[in-house]
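>>> One predicted model, sequence on top.
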Amino acid sequence: MGEEKAKIDSLSLFHDGQPTGLVGIARLASHAEVADTGHLTEYRAIQVRSILNKSVSKRGLPFGRSINPYRGCEFGCRYCYARYTHEFMELRDPELFERLIFVKQNAAWLLRQELRKLRRGEDIAMGTATDPYQPIERRMQVTRSLLQVMAECRGLRLGIVTKSTLILRDLDLLKKFAARNYLSIHLSITTPDTKLARILEPRAPRTDLRFATVSELRKAGLRTGILCCPIMPGINDTPAAFDAMAKRASEAQASFLAANPLFLKPCSKGTFLEFVRQYFPALEATYEKRYADDAFASKAYQKRIADLLAAAVKKYGLGRRRGESPPASEMYPADTGPVQQSLWPELAKIPQPAQMDAVKRKFSA
């Protein structure tokens, strides 16, 4: 790709047409070619070296590996903690996370190679830092190409997190995957209040459509629950709010309901506090005090939220449903080679092997 095509002057990655000492993912981003634009959004193709990332977090996450088909997310959630991921590319304006989306190239090919090195018993989470079913997925189908690879495997453990109804497009692959692997789908629904959701998550699908999506996935026999995250002091943390959410989750036949308090990384703190100042000015001082020295809510507040959640879950009989299939015991990487759709046909593609040797591994249940 020519340097004249790779300049991103508006993002200050280059000076006078020359790289400014960038390395790693920042250098790859600086060479990502503009491919298309949407409403206030720009898309760039990025050639990454890995698709299956090792996850390290102070939050004690239950998975060791994560997959994010895109970098950046169009939904524009005010509380999004993942804005920091653009900082790795030297893109430090928080708004760029939702305005500049990077589409990972050759993702399915990379995944097939990396599954061979997967450690036994590791859980994979898809959508930890960016929604795998955000609007550009309709055209690019990166997420679908990854599911095509995993649907031919056995013994994988996969959790998907999304706010999008687009996941229903892939019912065929999800059911195929779940027949031989462990699958848990998480629909992120912060509140059943449509007006509140619209200002919190301005470009995400309506909450009623997300509840309907949970219902459809459950009818298809897939383990699907609701993540009511984040819980925000004074906004959606009342007993009535928990009851309303649990009631809707029960009506949708959700497999489970989970919730966690808001945590504010420096990258997202300014964006969220500006939202509070605009829509909940009476709470501004409270948030400034709560999150002055720590990104996480206090232990006492965490316990209160856990107690409210437990009461709501018990009242509506939510939790792990009987009859869910346990993880399969073996994994076979796929022999087929799905290729994601491309808006950049001129880009050279990594050759895909005609046939891959099957690799058999034992996983603990």
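Thanks, I have it.

>>> which non-adjacent residue is nearest residue 230?
Distance criterion CB to CB, 6 or more residues apart in numbering; nearest residue to residue 230, sequence neighbours excluded, is residue 262 at 3.7 Å. Every residue, glycine included, has its C-beta placed from N, CA and C.

>>> and the helix or strand containing residue 184, what other elements does it pack with?
With elements taken from DSSP states H and E, the one containing residue 184 is strand 182-188. Counting contacts by 3 or more CB pairs under 8 Å, 6 or more residues apart in numbering; DSSP states H and E, strand 182-188 is packed against strand 157-162, helix 171-178, helix 207-219, strand 224-231.

>>> Quick check: mean pLDDT of the second one?
Mean pLDDT, helix 171-178: 98.

>>> what does it rub up against?
144, 147-148, 150-151, 153, 156, 158, 167, 183, 185, 216-217, 220-223, 325 (CB atoms under 8 Å, 6 or more residues apart in numbering).

>>> Of all the residues in it, which ones are buried?
For helix 171-178, burial by neighbour count (16 or more other CB atoms under 10 Å) applies to 173, 174, 176, 177, 178.

>>> just the angle between the longest helix along the chain and strand 224-231, please?
In the chain, taking DSSP state H as the definition, the longest helix is helix 299-315. Counting by axes from the mean of the first three to the mean of the last three CA atoms, to 10 degrees, helix 299-315 points 150 degrees away from the direction of strand 224-231.

>>> Which among the contacts of helix 171-178 count as buried?
Buried residues within these, counting neighbours by 16+ other CB under 10 Å: 144, 147-148, 150-151, 153, 156, 158, 167, 183, 185, 216-217, 222-223.

>>> which one of these sits closest to residue 292?
When the buried ones among the contacts of helix 171-178 are ranked by distance to residue 292 (CB to CB), residue 185 comes first, at 36.4 Å.

>>> State the distance from that closest one to residue 154.
Using CB to CB, to the nearest Å, residue 185 is found at 19 Å from residue 154.

>>> all helices for the stretch 251-365 of the chain, in order.
For the stretch 251-365 of the chain, the helices defined by DSSP state H, counting those that start in this stretch occupy 266-279, 284-290, 299-315.

>>> average model confidence for the last one?
To tie it back to what came earlier, the one meant is helix 299-315. pLDDT averaged over helix 299-315 gives 96.

>>> Which secondary structure elements does that helix sit against?
Against helix 299-315 (3+ CB pairs under 8 Å, 6+ apart) you get helix 239-251, strand 257-261.

>>> can you rerun that using 10 Å?
Where contact means 3 or more CB pairs under 10 Å, 6 or more residues apart in numbering; DSSP states H and E, helix 299-315 is packed against strand 224-231, helix 239-251, strand 257-261.

>>> so can I have CSV of these showing mean neighbour count?
Formatted as CSV, the helices and strands packed on helix 299-315 follow (neighbours: other CB atoms under 10 Å):
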stretch, mean neighbour count
strand 224-231, 24
helix 239-251, 18
strand 257-261, 19
